[in-house]
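Participant: Provided below are the primary sequence and the corresponding predicted coordinates.
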Amino acid sequence: MDIYQKLAILSDSAKYDVSCSSSGAESNFQKGMIGCNEKSGICHTFTEDGRCVSLLKVLFTNFCIYDCSYCINRQSNDIKRAAFSARELADLTLNFYKRNYIEGLFLSSGILDNEDKTMELLIKALEILRFEYRFNGYIHLKLIPGASQYLIEKACHLATRVSSNLELPSSKSLQLLAPDKTQKNLMQPLKYAKDFSLQNRNRPIPMTTQLIIGATPESDFDILRLSSNLYNKALLKRVYYSAYIPTNDDKNLPSIQTTPPTVREHRLYQADWLLRFYGFSYGEILEKRENLDLDFDPKMIWALDNLELFPVEINHVDKEFLIKIPGIGIRGAHKILKARRFQNLSFENLKKLGISLKRAKYFITIRGKYFGEKEFYPEYIKRALTKPKKKGFYQPSLFDTFAPAITGEL
Ligand code: SF4
């Protein structure tokens, strides 16, 4: 099998991993035209300063000794299999880099023979890249649960970012769908990587993980509690949520007909954003419900569930509460706080600052006046904000009033 056949198989096998943001665009080569997106292979991730980085996203091998019910690469599936050598993968990465196709590598793998052997092969490829080819670019490496601590530490020295997928939100679900794995075992590489970061404070290694949503019965409360613990205790940079896509026919999985719960995934990302940047706790977000509302973003629902705390006077409310007002994001709050130093803000002042009052007006007073069309009255606000529920699958639109702004402001 030549290297391009291997690339086709191993990049296709990597496409279900979302713990780097990826593009799903597809357009085939056409004679006389410029531009072609292969359906898999190149994905994108974002640096801390918001820069978009294109990555070669690939598995080292899709052979695997395990048989996780939800995984396309599980041992019992009859699929084309391939494995790179360390040198092949390093050469491929460097050649793509030199041709300006990619800026880095996202490398994961099935388990070949055993965990240590697999981790050693991944490390070997990275060593060739880093030391022989002197490649200094971005490398996101999936750590192999069950690999020895010294190998994980070695991997942390070589990679730019590492991750280990917890996959399912509870031990019970793991027992059902991936009986060879335990939550403790899956957490172990993250613990080793955390120790690495604590010992190398001048070069801590950012860590991420992925949770599959909708394959098992955990509520959003369970999922956000887990994410919150991961952020607080494991020093994780990001938890990625992956709407369950049926790839295998397995009696323990939801029906093969199931539509991926993408709206739920989207709401979880919004709630996760509130955990990380808006000072909310998971208990606050889901104080009065088990699952996030699919029609409204979580900040709006929190406000509707806590109407007794509103309306607040925009000229007096403190920063912590200001960012909890629906429609006012972090940047908007900063603008308001800065402008408040010089004047008592009016409706027009807020508009000039670019603050969208479409949603916020129901939850604030401005110079003591309420602008929510009628008197402040809980049921009225709910009705004014409630859109008719759409039945079945609903894809949020960029132009939907209730979808989050692409800046992440909620
Ligand atoms: S160990 Fe990983 S690659 Fe192997 S079957 Fe399970 S999820 Fe798939």
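Facilitator: Thanks, I have it.

Participant: number of nearby residues for the residue of the stretch 151-300 of the chain found nearest the ligand?
Facilitator: The stretch 151-300 of the chain approaches the ligand most closely through A178 (6.0 Å), counting by Cβ to the nearest ligand atom. In this view, the C-beta of every residue, glycine as well, is placed from N, C-alpha and C. Here the number of neighbours of A178 (other Cβ atoms under 10 Å) works out to 19.

Participant: from memory it sits against S69, does it?
Facilitator: Yes - assessed by Cβ atoms under 8 Å, A178 is found in contact with S69 at 6.8 Å.

Participant: picking that back up, ok, the residue of the stretch 151-300 of the chain closest to the ligand - contacts?
Facilitator: Contacts of A178 were listed using Cβ atoms under 8 Å, 6 or more residues apart in numbering, and they are 66, 68-70, 167-168.

Participant: let's see it at 6 Å
Facilitator: C68 (Cβ atoms under 6 Å, 6 or more residues apart in numbering).

Participant: surely D295 forms part of a helix?
Facilitator: No - in this structure, D295 is coil, not part of a helix, as judged by DSSP: H, G, I helix; E, B strand; the rest coil.

Participant: now do the same for it: its pLDDT.
Facilitator: pLDDT, D295: 84.

Participant: quickly list what the spatially most central residue of the chain is bridged to.
Facilitator: Taking Cα atoms, centre = their mean, the centroid of the chain lies closest to Y240, which sits 2.7 Å from it. Listed by DSSP bridges, the beta-bridge partners for Y240 are Q210.

Participant: any idea how far S227 is from it?
Facilitator: Distance, Y240 to S227, by Cβ to Cβ, to the nearest Å: 10 Å.

Participant: swap in K335?
Facilitator: Separation of K335 from S227 (Cβ to Cβ): 29 Å.

Participant: repeat that for E132.
Facilitator: Applying Cβ to Cβ to E132 and S227 gives a distance of 39 Å.

Participant: so those two - more neighbours on which side?
Facilitator: S227 (24 against 11).

Participant: what about the helix or strand where that one lies, average pLDDT?
Facilitator: Assigned by DSSP states H and E, S227 falls within helix 220-233. Averaged across helix 220-233, pLDDT comes to 94.

Participant: next, give phi and psi for the nearest residue to P206 once chain neighbours are set aside.
Facilitator: Nearest in space to P206, with sequence neighbours left out and distances taken as Cβ to Cβ, 6 or more residues apart in numbering, is K237 at 4.3 Å. Taking degrees, to the nearest 10, you get phi -80, psi -40 for the backbone angles of K237.

Participant: I figured C156 hits A193, correct?
Facilitator: Yes - using Cβ atoms under 6 Å as the test, C156 is close enough to A193 to be in contact (5.5 Å).

Participant: export only the CA atoms of the helix or strand where L122 lies, formatted as CSV.
Facilitator: According to DSSP H and E, L122 maps onto helix 115-127. Below are the C-alpha coordinates for helix 115-127, written out as CSV (Å, rounded to 0.1, in the frame of the first residue of the first chain):
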residue,chain,number,x,y,z
GLU,A,115,-0.4,1.2,24.7
ASP,A,116,3.3,1.7,25.3
LYS,A,117,4.2,0.4,21.9
THR,A,118,1.7,2.8,20.3
MET,A,119,2.9,5.8,22.4
GLU,A,120,6.5,5.0,21.5
LEU,A,121,5.7,5.0,17.7
LEU,A,122,4.0,8.4,18.0
ILE,A,123,6.9,9.7,20.0
LYS,A,124,9.3,8.4,17.4
ALA,A,125,7.5,10.3,14.6
LEU,A,126,7.6,13.5,16.7
GLU,A,127,11.3,13.0,17.4
